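Engineer: My questions concern the predicted model and sequence given below.
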Amino acid sequence: MDNYITGAAIRRLHEKKGLTQQQLASELCVSSQAVSKWENAKGLPDITLIEPLAAALGVSVMELMSGDTVSNQNISANLMWSEFYVCPLCGNVIHTVGDTVISCCGITLPPLEAETPDEYHCVSVQQVEDEHFLTVHHEMTKAHFISFVAYVTADRIQFVKFYPEGNAETRLNLRGRGLLYLYCNKHGLMKLKI
């Protein structure tokens, strides 16, 4: 794991919760000297104490590990800050707005970094009535295929999942300015400004 609990995070979190070292130690059934060692980087909590420590501090294990607490405030988020995640084991596709920690199949997933499509990932868009017919010119075999496309504007997202041996084409309503994302299972995420 890339992160481990820091003494500064433990101190900040227990002080924020209004707990003394002694109170935290009592809640975890350890000595106050143990908590002091953690805070002064002279020791680390035993792995069996991670979940009880997080619970005592009123945070999730992920928040404890990263040292950042999540405050659930109704902050207006712009969909243009969209991030996509794809699990390499099950293929699950996850969309978020802004920074987050995503885990699937026991793996913490990094957000996909979007590249500009190359000549092997060409997209054509034709207006059909009040929508747009989008085609990704790409092979759709079980080994190499386009998994999804998504059109993102500041206030909406349109998401279409594709499957191997099908066609990588769909109708979308491309109103306003936005970003068109496509995901190739071998070459990753790509985006175009529309």
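Structural biologist: Great, that's in hand. Keep in mind the model is a prediction, meaning the values are calculated, not measured.

Engineer: From now on I want contacts and neighbour counts done on CA atoms only, so please keep to that.
Structural biologist: Will do.

Engineer: Distance of the residue nearest to residue 191 when sequence neighbours are not counted relative to residue 36?
Structural biologist: Leaving out its chain neighbours, the residue that sits closest to residue 191 by C-alpha to C-alpha, 6 or more residues apart in numbering is residue 181, at 4.3 Å. Applying C-alpha to C-alpha, to the nearest Å, one obtains 49 Å for the distance of residue 181 from residue 36.

Engineer: Looking only at neighbour counts, state which of those two leads.
Structural biologist: Neighbour comparison, residue 181 and residue 36: the larger count goes to residue 181, with 21 against 18 (by other C-alpha atoms under 10 Å).

Engineer: thought that one was touching residue 151?
Structural biologist: Yes: with contact defined as C-alpha atoms under 8 Å, residue 181 and residue 151 form a contacting pair (6.3 Å).

Engineer: Dig out what residue 152 forms beta bridges with.
Structural biologist: Here residue 152 shows beta-bridge partners residue 157, residue 179, assigned using DSSP bridges.

Engineer: Now do the contacts for it.
Structural biologist: Neighbour list for residue 152: 79-80, 82, 158, 178-181 [criterion: C-alpha atoms under 8 Å, 6 or more residues apart in numbering].

Engineer: quick one: the strands in this structure?
Structural biologist: Counting by DSSP state E, the chain has strands at residues 82-86, 93-97, 102-104, 107-109, 122-128, 131-137, 146-152, 157-161, 169-172, 179-184, 188-193.

Engineer: Can you tell me which of these is nearest to residue 47?
Structural biologist: Taking C-alpha to C-alpha as the measure, those were each checked against residue 47, and strand 107-109 came out nearest at 18.4 Å.

Engineer: So which residues make contact with the closest one?
Structural biologist: Applying C-alpha under 8 Å, 6+ apart, the contact partners of strand 107-109 are 85-87, 101-103.

Engineer: just these now: which is nearest residue 54?
Structural biologist: For residue 54, the nearest member of the contacts of strand 107-109 is residue 101. The distance, counting by C-alpha to C-alpha, is 16.4 Å.

Engineer: quick one, phi psi at the closest one?
Structural biologist: For residue 101, the backbone dihedrals are phi -110, psi 120 (criterion: degrees, to the nearest 10).

Engineer: Identify, from the contacts of strand 107-109, the entry nearest to residue 174.
Structural biologist: Proximity of these to residue 174 was ranked by C-alpha to C-alpha; the top entry is residue 85 with 23.0 Å.

Engineer: circling back: any chance of the contacts of residue 152 in a markdown table, plus pLDDT and distance to residue 60?
Structural biologist: As requested, the contacts of residue 152 are arranged in a markdown table below (pLDDT from 0 to 100; distance: C-alpha to C-alpha, whole Å):
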| residue | pLDDT | distance to residue 60 |
| --- | --- | --- |
| 79 | 85 | 26 |
| 80 | 84 | 28 |
| 82 | 90 | 24 |
| 158 | 95 | 32 |
| 178 | 92 | 35 |
| 179 | 94 | 33 |
| 180 | 95 | 34 |
| 181 | 96 | 32 |
